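Enquirer: Generate a structure from the sequence data that follows.
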Amino acid sequence: MLADFHKNVLKLLTSISIAQLIPIIITPLLTQYFTPEQFGFYGLYISICTILGAIASGKYDVAIMLPKRKKDALNILALCVLIAFFFSAIILSLLNIFHDLLFLKIESELISKYYFIIPLSIFLISINQSLINFLNRNRKYNCIAHQNILKSSSNSFSGLVLGFKKITSGLIMGHIFSLILTSALNFKNCIRDLNWQFINQKSMVKNFKKYIDFLKFSTLSNLFNSISNIGMTTIIIIFFGAKIAGLYFIAEKIIAIPVSFMTSSISQVYFEKASKLIYNDKVKLLNLTNKIQKNIFYILLPFLIIASIFGENIFSLFGERWAQSGLILKYFSVFVLMKNIYSPISHIGDILNKQKILLFFNISLFSFQLIAFYFLKEYNDIKVALLTASIFGAIHYLILNAYMKSELKKLI
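Expert: Predicted coordinates:
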């Protein structure tokens, strides 16, 4: 079983390595065509769409992995698409009604004028995640690997082409293009397993009620978690402006690329494996969890130390205006470390039905980080606020990790 686990992790790790190598190569070129302010607005768009896209399905996308019967998984997938569609339609209506109020301080013409791209992106992000979980359930790791590469390459190269043509909104347009392509590929890969005759209203309602805790607790929990982890760019824009947000966004993006080499691939395979081991062999699940976290710590710690020391030199290669990104990096490294030690096994909370605990954790995490920025903004220096928010975040993940592992031990 562990041999299969390592084989599947390696398969996804290879694809993610290729997928993440592309932006490593392309980002220094993108920084020549786009300003820190443009990256700041791009980060704002990414934050909004990723945060809302993560909850658009009511978190029923996580439940796709859990039923024993394939019929139930299919109906949950259909439910995800339906909920995501209505959620995106509501967002479109709200953006239309409150357009002037919401976009008053945003100096991005594309986002302000063509605001419908936000609900479109939210819908595509949501159904993509649902389709990936369906592929994961069916152990189609090759398909997940291919979509990783397509998503990364189409996003990076389209942004580069549009930047070369001096289209200021090229970063956002490139992202939308990649979402459309990835959605088409994921649907094509899933279509063989979509037995439409199994999908019916009765079964959808039954599964809606059975997994309603995901809607009631995981949705709000994930909203706060996403704001804490992804929405930092939005918070920084509010308190420190688009330029500083753009510098942070690039620093976070570059540091996240090598880190996700490991965590993304391990997380997907761990979820599939843990969903079975929780019923069959809890001791093996605990051992697997400990082994994964230990290995990630030994790799991440020296990497982050080196990145913090030489960050300014590395980012100055992008141009002098980006050197400050390297300085900013060291102030959130401790948060990156603790978050990513927990990240690959984060699904353990869903498997153990700890949605209420996760909700409390994420509300607390967001509140502490927001407080740090609100009260320290008067220093007019992001470093103090970012370091304080980072320490708060690291402590939260330490406590959460200890709690989840103690709950797992109680089941043995």
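
Enquirer: Any stretches of the stretch 301-412 of the chain with poor pLDDT?
Expert: Across the stretch 301-412 of the chain, nothing is flagged by pLDDT under 70.

Enquirer: Helices of that one, start to end?
Expert: 323-329, 333-342, 348-351, 355-376, 382-410 (DSSP state H, counting those that start in this stretch).

Enquirer: other SSEs contacting the fourth one?
Expert: If you count contacts as 3 or more CB pairs under 8 Å, 6 or more residues apart in numbering; DSSP states H and E, helix 355-376 packs onto helix 219-229, helix 232-240, helix 348-351, helix 382-410. For every residue, glycine as well, the C-beta is placed using N, CA and C.

Enquirer: Quick one: residues in contact with that helix.
Expert: Helix 355-376 is touched from outside by 213-214, 216-218, 220-225, 227-228, 232, 235-236, 239, 349-350, 384-385, 388-389, 392-393, 396, 400, 403, with contacts defined as CB atoms under 8 Å, 6 or more residues apart in numbering.

Enquirer: Kindly report the same for the first one.
Expert: Outside helix 323-329, the residues that touch it by CB under 8 Å, 6+ apart are 247-248, 250-251, 254-255, 307-308, 310-316, 318, 382-383, 386.

Enquirer: Distance of the closest residue in space to Ala19 that isn't next to it in sequence relative to Ile118?
Expert: Distances taken as CB to CB, 6 or more residues apart in numbering put Ser152 closest to Ala19, at 3.7 Å, once the chain neighbours are dropped. According to CB to CB, to the nearest Å, Ser152 stands 22 Å off from Ile118.

Enquirer: Now stretch 161-176: buried residues?
Expert: Under the neighbour-count criterion of 16 or more other CB atoms under 10 Å, stretch 161-176 has 162-163, 167-176 buried.

Enquirer: end-to-end on it?
Expert: 14 Å (CA to CA, to the nearest Å).

Enquirer: now it, how far from the chain's geometric center?
Expert: Mean C-alpha position of stretch 161-176 versus that of the full chain (CA atoms, centre = their mean, to the nearest Å) differs by 22 Å.

Enquirer: for stretch 81-89, same thing?
Expert: 19 Å.

Enquirer: now stretch 248-267
Expert: 10 Å.

Enquirer: Report the mean confidence score over it.
Expert: When pLDDT is averaged over stretch 248-267, the result is 78.

Enquirer: same thing with stretch 199-206?
Expert: Here the average pLDDT along stretch 199-206 is 90.

Enquirer: what do you get for stretch 98-105?
Expert: 72.

Enquirer: Provide a list of residues in contact with Phe310.
Expert: Here Phe310 is in contact with Gly326 (CB under 8 Å, 6+ apart).

Enquirer: Next one: it relative to Tyr397, how far apart?
Expert: From Phe310 over to Tyr397 (counting by CB to CB), the distance is 25 Å.

Enquirer: Phe87 now?
Expert: 28 Å.

Enquirer: Quick one: neighbours of Ser88, just the number.
Expert: 24 (other CB atoms under 10 Å).

Enquirer: swap in Ile328?
Expert: Neighbourhood size, Ile328 [other CB under 10 Å]: 23.

Enquirer: got the contact list for the closest residue to it other than its chain neighbours?
Expert: Excluding its sequence neighbours, the residue lying closest to Ile328 (CB to CB, 6+ apart) is Ala251, at 4.9 Å. By CB under 8 Å, 6+ apart, the contact list for Ala251 reads 311, 315, 325-326, 328-329, 332.

Enquirer: Quick check: the two most widely separated of those?
Expert: Phe315 and Phe332 (14.2 Å; CB to CB).

Enquirer: can you list the helices and strands packed on helix 355-376 in CSV and add distance to Lys209 and mean neighbour count?
Expert: CSV is the format used below for the helices and strands packed on helix 355-376 (distance: least, CB to CB, whole Å; neighbours: other CB atoms under 10 Å):
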stretch, distance to Lys209, mean neighbour count
helix 219-229, 16, 21
helix 232-240, 34, 22
helix 348-351, 17, 22
helix 382-410, 25, 18
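
Enquirer: Ser343 touches Ser260, doesn't it?
Expert: No: judged on CB atoms under 8 Å, Ser343 makes no contact with Ser260 at a distance of 9.0 Å.

Enquirer: Of the two, give the one with the bigger neighbour count.
Expert: More crowded of Ser343 and Ser260, by other CB under 10 Å: Ser343, with 21 against 18.

Enquirer: pretty sure Phe240 contacts Ile382?
Expert: Yes: look at Phe240 against Ile382 with CB under 8 Å: they come within range, at 5.2 Å.

Enquirer: circling back to that earlier point, turn the helices and strands packed on helix 355-376 into TSV, including distance to Leu286.
Expert: Listed next are the helices and strands packed on helix 355-376 as TSV, based on distance: least, CB to CB, whole Å:
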stretch	distance to Leu286
helix 219-229	24
helix 232-240	32
helix 348-351	10
helix 382-410	6
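
Enquirer: Tell me which of the ones you listed lies nearest to Phe198.
Expert: helix 348-351 (23.9 Å).

Enquirer: Lovely, talk soon.
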